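S.K.: need a structure here:
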Amino acid sequence: MSPQFIPYSSDVEIVEPDFDANVQTVIARMERYITDSVTAEGTGQAVRDAHAKGYGLVRGEVEILDGVPEEYAQGIYATPGRHDALVRFSNGSPHAGADARLGRATGLALKMFDVDGPKLLEDETDSRTFDYNTINAPVFFCNTVQHYLFIQELFLEAAAYFAEGQRGRHRFFRDYLTGKGTLEPEDWAWEEFLTFLIVSQRPLVNVLLSTYTTMGAVRHGGYIAKVRIAPDPACAATVVERQMDVTSAAEVFRPALVTELCERPYAFDIQVQLCADLERMPVEDLTVEWPEQLTPYVTVAKLRFPQQDISGEENLRRMDALSFTPWRVTAAHRPLGSIMRARKEVYRRSSLLRHRLNNQQRQEPRTADEVLPLKTTVSHH
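M.R.: Take a look at the predicted model:
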């Protein structure tokens, strides 16, 4: 007997008090950070305020599968077919330095081309692209925009805390838990702090071996879902450089990714988990991992990378000029919950400012070829 999936309705979301004012504060801080990053980060460029360092831009194709069960074949997944795609692998940190200094959160941002239907970004409803922003953890370490205000501040100042060794680390933990002393003990951010500890203990592995999720819930046609992008098990078994030793060199993630893709093609499964219980699979609490024993992840599409050469500065330059946002989607895949809603304007303003400071044209590409013509490699076996 299949679980009874919860139908989507707009009242699964709650409106957080002071939401708009808090989002404006987040944007002001983010804009200050990005503006300062031109000199502070040492790259001579403005960097993103999260996922600042990209590991490579990869050309791919998404095949939406035929014969998917009806509840899962929703929105764009209702029409089998192939879409060109681009993927940006990145580190989650707001900094751009050596890998050893950047922490264990990594990201996979996916852009699909030729996706029909108006998109939810008011300034580009006619865009033909469709994005996912995912990270290598099933949970996120923040639930409300109010808490995000102090957590954002802590992350932007994290390097200074951790430079003080154990004392600084303890101060960082205390400030995280207590909201820099602003929260009453009964409101301390225990779940968010414990989730931060879980995320910060992720294994250091090749970015091709991580499983990436949307963290927050999204609408899935008539239902509510989380989406993940998981390595195809057969492909994962062929990866040679598996563990990343960040003490061995300043750059370890990018060279390992370049090497693997030069040698062989690769694939991920795009999977959907439908919500069957709003108590145990909450929309607003991002620190809760939805139990797979309630509803499994079901594969709805394949993301395939042909063998290719992504080495060279040009790859990084093209990657940096792109913009990814969880809101460049159709209404059937609308992001849900406070944190996801906050990301809409924050990501848009971040992208606008970064492109302006870097004198980059900010325009959604019409084709993947426009950004990254496929350079296949010759295998030397």
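
S.K.: ranges for the strands of the stretch 201-350 of the chain?
M.R.: For the stretch 201-350 of the chain, applying DSSP state E, counting those that start in this stretch gives strands covering 212-213, 218-220, 223-231, 266-274, 298-305.

S.K.: Outside of the first one itself, list whatever touches it.
M.R.: Outside strand 212-213, the residues that touch it by C-beta atoms under 8 Å, 6 or more residues apart in numbering are 106-108, 134-138, 226-230. Every C-beta, even on glycine, is put in place using the N, C-alpha and C of the backbone.

S.K.: what's the answer for the fourth one, then?
M.R.: Contacts of strand 266-274 from elsewhere in the structure, counted by C-beta under 8 Å, 6+ apart, are 3, 5-6, 62, 71-72, 77, 208, 220, 223-232, 235, 260, 290, 292, 295-305.

S.K.: hang on, residue 153 packs against residue 180?
M.R.: Yes. In terms of C-beta atoms under 8 Å, residue 153 counts as a neighbour of residue 180; the distance is 7.4 Å.

S.K.: one step back: the strands of the stretch 201-350 of the chain into JSON lines, with extra columns for mean pLDDT and mean neighbour count?
M.R.: JSON lines is the format used below for these (pLDDT from 0 to 100; neighbours: other C-beta atoms under 10 Å):
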{"stretch": "strand 212-213", "mean pLDDT": "98", "mean neighbour count": "25"}
{"stretch": "strand 218-220", "mean pLDDT": "98", "mean neighbour count": "24"}
{"stretch": "strand 223-231", "mean pLDDT": "98", "mean neighbour count": "22"}
{"stretch": "strand 266-274", "mean pLDDT": "98", "mean neighbour count": "23"}
{"stretch": "strand 298-305", "mean pLDDT": "98", "mean neighbour count": "20"}
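
S.K.: Just put those in a markdown table and tack on distance to residue 98.
M.R.: Output for the strands of the stretch 201-350 of the chain, formatted as a markdown table (distance: least, C-beta to C-beta, whole Å):
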| stretch | distance to residue 98 |
| --- | --- |
| strand 212-213 | 23 |
| strand 218-220 | 34 |
| strand 223-231 | 26 |
| strand 266-274 | 26 |
| strand 298-305 | 26 |
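
S.K.: Residue 83 against residue 61, yeah?
M.R.: Yes. With contact defined as C-beta under 8 Å, residue 83 counts as touching residue 61 (6.9 Å).

S.K.: if you count what's nearby, which of those two comes out ahead?
M.R.: Higher neighbour count among residue 83 and residue 61: residue 83, with 21 against 18, using other C-beta atoms under 10 Å.

S.K.: okay, the more buried one: pLDDT?
M.R.: Looking at residue 83, its pLDDT reads 98.

S.K.: Name the residues of the host helix or strand of it that are buried.
M.R.: Assessed by DSSP states H and E, residue 83 sits inside strand 81-91. For strand 81-91, burial by neighbour count (16 or more other C-beta atoms under 10 Å) applies to 83-91.

S.K.: Equivalent analysis for stretch 112-120, please.
M.R.: Buried residues in stretch 112-120 (16+ other C-beta under 10 Å): 112-113, 115, 119-120.

S.K.: Grab the two from those that are most spread out in space.
M.R.: Using C-beta to C-beta, the pair of the buried residues of stretch 112-120 lying farthest apart is 113 and 120, separated by 17.4 Å.
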